[in-house]
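J.: okay, predicted coordinates and the sequence, questions at the end:
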Number of protein chains: 4
Amino acid sequence: MSNSKTLKGIIAYPITPFDAEEKVDIALFKKLTDRLVASGSHGIAPLGSTGVLPYLNDDEKEAVIEAAIDVVAGRVPVVAGVSNLTTERTIHHARFAEKAGAAAVMIIPMSYWKLTDDEIFTHYHKVAEAISIPMMAYNNPATGGIDMSPALLKRLLEIPNVTMIKESTGDVQRMHYLRRVLGEEVAFFNGSNPLALAALSAGAAGWCTAAPNLIPEFNHSLYNAVLANDLAGARDAFDRQSELLTFITANGLPRTIAAGLEILGVEGGHLRSPLAPLGKADFERLRGLL
Amino acid sequence: MSNSKTLKGIIAYPITPFDAEEKVDIALFKKLTDRLVASGSHGIAPLGSTGVLPYLNDDEKEAVIEAAIDVVAGRVPVVAGVSNLTTERTIHHARFAEKAGAAAVMIIPMSYWKLTDDEIFTHYHKVAEAISIPMMAYNNPATGGIDMSPALLKRLLEIPNVTMIKESTGDVQRMHYLRRVLGEEVAFFNGSNPLALAALSAGAAGWCTAAPNLIPEFNHSLYNAVLANDLAGARDAFDRQSELLTFITANGLPRTIAAGLEILGVEGGHLRSPLAPLGKADFERLRGLL
Amino acid sequence: MSNSKTLKGIIAYPITPFDAEEKVDIALFKKLTDRLVASGSHGIAPLGSTGVLPYLNDDEKEAVIEAAIDVVAGRVPVVAGVSNLTTERTIHHARFAEKAGAAAVMIIPMSYWKLTDDEIFTHYHKVAEAISIPMMAYNNPATGGIDMSPALLKRLLEIPNVTMIKESTGDVQRMHYLRRVLGEEVAFFNGSNPLALAALSAGAAGWCTAAPNLIPEFNHSLYNAVLANDLAGARDAFDRQSELLTFITANGLPRTIAAGLEILGVEGGHLRSPLAPLGKADFERLRGLL
Amino acid sequence: MSNSKTLKGIIAYPITPFDAEEKVDIALFKKLTDRLVASGSHGIAPLGSTGVLPYLNDDEKEAVIEAAIDVVAGRVPVVAGVSNLTTERTIHHARFAEKAGAAAVMIIPMSYWKLTDDEIFTHYHKVAEAISIPMMAYNNPATGGIDMSPALLKRLLEIPNVTMIKESTGDVQRMHYLRRVLGEEVAFFNGSNPLALAALSAGAAGWCTAAPNLIPEFNHSLYNAVLANDLAGARDAFDRQSELLTFITANGLPRTIAAGLEILGVEGGHLRSPLAPLGKADFERLRGLL
């Protein structure tokens, strides 16, 4: 049940909450993750960008992955984020995730020095050789600092394990291109909230998003309308959430999801410095949107 | 019948053909325009970017507008491009178009020096005062060199005549924003071919495009599927034309439409220098796409 | 004396002033141009970007060129701007300028549709064949909309008449590249005011600028310090004018030069719409800088 | 002797070499660092971008800092890179560096999530409170992913320890701005190799660079010419190295310095994956440049 074939629909990102001393709060993480499953998410993706993966040390990352798999308990697939600057650490965490029971791993090529296409390909290839679960190649220049071209994404799909692509550039033409050159066999996922309608219209298999932490019913109504081939319904569903989606994306998901949970009366924990809570004016604007 | 209320659907751009001496060929222009009406276009927009408006002198512009209105003969609305670097010339051509019988004028703020928002607002305002037909504000930084912000577009709609917006940035978020802040009263049109599915999904009233010169049946099948609330049908229709739409946009519409007409066996005339015919390799690629 | 070999140093751009009805004011243009020669400019470049070339009709352009050559009267070389969207009009104005006595012509590849490298090369080539005075190829993507790569600039120099390059991208690495690949035979000119120190340090033959309308003595002291191999003196001279140079460039030269002349008590005429006078706050800031 | 007041001139970046198993090779690091002191560097900056700081774990970072201070042995100041995504780890490494004897620390605000200006300011502030040696604020959007505006850099200087700024955007206007608003009291350093002439001409106190690993005599001759107020000499010195500087920057300093050392017959060790050796064609091009 929890293999990548079944991965589609609303893939929800839990945040990684911290306590007042900025230590990871595993108990709270489990509660927040369970809430996402309970509200109907079709998959759970811990340690995504929303889960502030790069701000955690190795032990913390492992604890979060274990906690996610434990609390999800097979109800839906878990896609674990295992991205790392070095290939060696990426392999380490990918192996850990596989052993722990993840259905798939999600990998963004983190950069400090810009990587060449060959370096990125080799990076994915070495990780792929070390594990046997599927990999989702994740493109998000706004966070990772590297923009993988459609041609490179296509090349990554030559690696047998790489069966899914997540596009977060916010450029809908990339999605049309992927669909055109990859055919319907390869699943592509939307990772850009403001593009949800355009991406699902374009044939995306799913939408990886932190929004279900705040408005799961809206996210699902959009997805369900698309499944039902109801364009007008999808447009209406999207129009009701588009301003919020744009806001949370523009202001940083860890900050806005934490603030949104607070507004909803759900405990969301603290952030880890240097990330700081949403400013007062933005907090009030978010309250208005919710 | 030919007022802007009825303006929606597929608004087709005729090219402006030249003879071997690079003079405007009005007879051929009429033939090509008639062909667009005959294939079902819901509106005709001479002297758009595809019509190489800025490469013509004043007399040529007037001859083209008159020819368009003459050959269309009231069958569908004519939206005349009257953009000019100076306000004085824009007013001159807008008045000419109104007198000649255009249903509306389309205006992009051409730039050499970047204009301030106030300068752009005043430019539209002065033109609006000089005519009584509706105006379509056209945003296309790739050609005009100015990117009008959504906030400025919203402000332009305070001018009574400005009742339509055409967005060609290729950013679908702009369209969602326009729909959100403008409501359903203001018609927004898509001017970016590769965004046709996303824009119509987002609620665009129409699609201004040069593509009906080459593939009118595909363009109409997409539009009709959207009208019928058939998302899967729209996606299929779009997928069949998306590579061509991307190609003709990326390689310059005057060049690619002229080449495409030649491939289809339709006389398309010459280009005016410095614009030159599509290169051999691109020509063959286009033949493959058609 | 007035050939391009002698072209170097401070090449000053006169503005094109308009009267209250927005007609070109030739008498005032002559006064303003004479003032530039009197303050020591080594060359005069009418109908540059500062001279709002693209906002003038053909007759006005010819009148301005004639007036410039008339008032300069051989004291320094005149480099006439003759850029136009079409090749035919560019040739027309280049011939006119040669006949009128210009030492050289300056040409920026104006774009509406982005031109291919081959189209740009052919454009320059056809103009070159039609005249026998030297040409300055002018690169300024911020106004013209096309960024000619260093490789294309190098290729343009294969055309015998093209003996000068003016770079206005604001990227000093381009200047180092030009010097490296072109050697010392080809003169390159700086067209970006905020880069004046960097460009002259890099070996630019001259600086094409509108600043001498306002602060000729500062411009010349910078140039003279560089000539004298006095780096500290050049830095001091530049530091005294750099904030003004940045301001006038960022806010549009036609607006800021007109405002600056008014502040200095020199009649500068009106602008042509849609260009409007500098706003009040900016006007006061400019007064502070002067 | 080794305080920040004396920090000026050529500040050299050692690479962090790895053995065949991709472990840090401390013995080789010491040799390479000693070589930089011996060739005349005025300061040594371990764990800069060239030193692949973010690819090392905590123990490795500490070993590199200790090794640098040990081998430099007080001959010149050591500026230790201690940047980290989290504030807590940055403080940890900054304290370590101070205790180990570093003259100053260099900090770039690493980003995954874009930080707000307030978050960046607080980040620096908290680190500053934890140490008493000077801090160099380092701006390099190409690697760190955040572009600190000149206004933010100015604000950072309100923090008493922040006494130096290193600008690596490649925009010479930033340097002129810094000099203008900061006055001569605050030292700004150039971190963009292709801008070395422009930055030193603009008054930079020094040049932080990996180039002395390959061409120390050229780097020093440029700096010395500037000190001697000899602009023509500085230009000549720069022209002899500018192509190499552009090449090593464009192709990634860890890759190109390692390759360059190999070409020079100096052992440079391995890179850590995913970073891979320079490709064959680029290697040969680099050989030609050396």
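T.: Structure's in. What do you need? Here the structure is a predicted model, which is why all the values come from computation and not from measurement. Numbering: from 1, shown residues only, chains lettered A, B, ... in the order given.
J.: A:F238: what's it in contact with?
T.: A:F238 makes contact with A:A196, A:L197, A:L222, B:H176, according to Cβ atoms under 8 Å, 6 or more residues apart in numbering or on different chains. Placement of C-beta: from N, CA and C, glycine included.
J.: now the first one: closest residue in space that isn't a chain neighbour?
T.: Right, A:A196. Ranked by Cβ to Cβ, 6 or more residues apart in numbering or on different chains and with sequence neighbours excluded, the top spatial neighbour of A:A196 is A:W207, at 5.4 Å.
J.: and A:P17, how far from C:R287?
T.: 55 Å (Cβ to Cβ, to the nearest Å).
J.: of the two, give the one with the bigger neighbour count.
T.: A:P17 (25 against 13; other Cβ atoms under 10 Å in any protein chain shown).
J.: that one and chain C, how far apart?
T.: 45 Å (Cβ to the nearest Cβ, to the nearest Å).
J.: what do you get for A:G252?
T.: 30 Å.
J.: for chain A, which segments count as strands?
T.: Secondary structure of chain A (DSSP state E): strands at A:9-12, A:43-44, A:79-81, A:104-107, A:135-139, A:162-167, A:187-190, A:206-209.
J.: turn those into CSV, columns for mean pLDDT.
T.: As requested, the strands of chain A are arranged in CSV below (pLDDT from 0 to 100):
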stretch, mean pLDDT
strand A:9-12, 98
strand A:43-44, 98
strand A:79-81, 98
strand A:104-107, 97
strand A:135-139, 95
strand A:162-167, 93
strand A:187-190, 92
strand A:206-209, 97
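J.: and among those strands, the most buried is which?
T.: Most buried of the strands of chain A by mean neighbour count (mean count of other Cβ atoms under 10 Å in any protein chain shown) is strand A:79-81; its value is a mean of 31.
J.: which residue packs closest to whichever residue of the stretch 101-250 of chain A sits closest to chain D, ignoring adjacent ones?
T.: Using Cβ to the nearest Cβ, the single residue of the stretch 101-250 of chain A nearest to chain D is A:H123, 4.0 Å away. Once flanking residues are discounted, A:H123 sits nearest to D:P274: 4.0 Å by Cβ to Cβ, 6+ apart.
J.: contacts only, for that neighbour.
T.: By Cβ under 8 Å, 6+ apart, the residues touching D:P274 are A:T86, A:T87, A:P109, A:L115, A:E119, A:I120, A:T122, A:H123.
J.: if we go to 6 Å?
T.: Contact analysis of D:P274 by Cβ atoms under 6 Å, 6 or more residues apart in numbering or on different chains lists A:T87, A:L115, A:E119, A:H123.
J.: lowest-confidence member of those, which is it?
T.: When these are compared by pLDDT, A:L115 scores lowest at 93.
J.: that residue: what's it in contact with?
T.: Per Cβ under 6 Å, 6+ apart, neighbours of A:L115: A:P109, D:P274.
J.: can you list the residues of the stretch 51-200 of chain A near chain B?
T.: A:V172, A:Q173, A:H176, A:P194, A:L197, A:A198 (Cβ under 6 Å from any Cβ of the partner chain).
J.: how about 8 Å then?
T.: With Cβ under 8 Å from any Cβ of the partner chain as the criterion, the stretch 51-200 of chain A meets chain B at residues A:G170, A:D171, A:V172, A:Q173, A:H176, A:Y177, A:R179, A:R180, A:P194, A:L195, A:L197, A:A198.
J.: quick check, nearest of the residues you listed to C:I131?
T.: Using Cβ to Cβ, A:Q173 comes nearest to C:I131 of those, at 43.3 Å.
J.: now A:M148: closest residue in space that isn't a chain neighbour?
T.: A:N139 (4.6 Å).
J.: do I have it right that the one you found meets A:T169?
T.: Yes: judged on Cβ atoms under 8 Å, A:N139 makes contact with A:T169 at a distance of 6.3 Å.
J.: average pLDDT across stretch A:225-232?
T.: According to the model, stretch A:225-232 has a mean pLDDT of 98.
J.: now that stretch: how far from the chain's centre is it?
T.: Centroid displacement of stretch A:225-232 relative to its chain, using Cα atoms, centre = their mean, to the nearest Å, is 23 Å.
J.: for it, buried residues please.
T.: Residues of stretch A:225-232 classed as buried: A:A225, A:V226, A:D230, A:L231 (neighbour count, 16 or more other Cβ atoms under 10 Å in any protein chain shown).
J.: repeat for stretch A:282-289
T.: A:D282, A:F283, A:R285, A:L286, A:L289.
J.: dump these to CSV, plus pLDDT and distance to A:P150.
T.: Conversion of the buried residues of stretch A:282-289 to CSV gives the following (pLDDT from 0 to 100; distance: Cβ to Cβ, whole Å):
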residue, pLDDT, distance to A:P150
A:D282, 97, 34
A:F283, 97, 38
A:R285, 97, 35
A:L286, 98, 34
A:L289, 95, 33
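J.: which residues touch A:I120?
T.: By Cβ under 8 Å, 6+ apart, the contact list for A:I120 reads A:P109, A:I146, A:M148, A:L152, A:L156, D:P274.
J.: list the ones among the residues you listed that fall in helices.
T.: A:L152, A:L156 (DSSP state H).
J.: among the contacts of A:I120, which one has the lowest pLDDT?
T.: A:I146 (87).
J.: run a quick neighbour tally on the residue nearest to that residue when sequence neighbours are not counted.
T.: Excluding its sequence neighbours, the residue lying closest to A:I146 (Cβ to Cβ, 6+ apart) is A:S111, at 4.5 Å. Other residues lying near A:S111 total 20 when counted by other Cβ under 10 Å.
J.: wait, what's in contact with A:S111?
T.: So A:S111 contacts A:L85, A:G144, A:G145, A:I146 (Cβ under 8 Å, 6+ apart).
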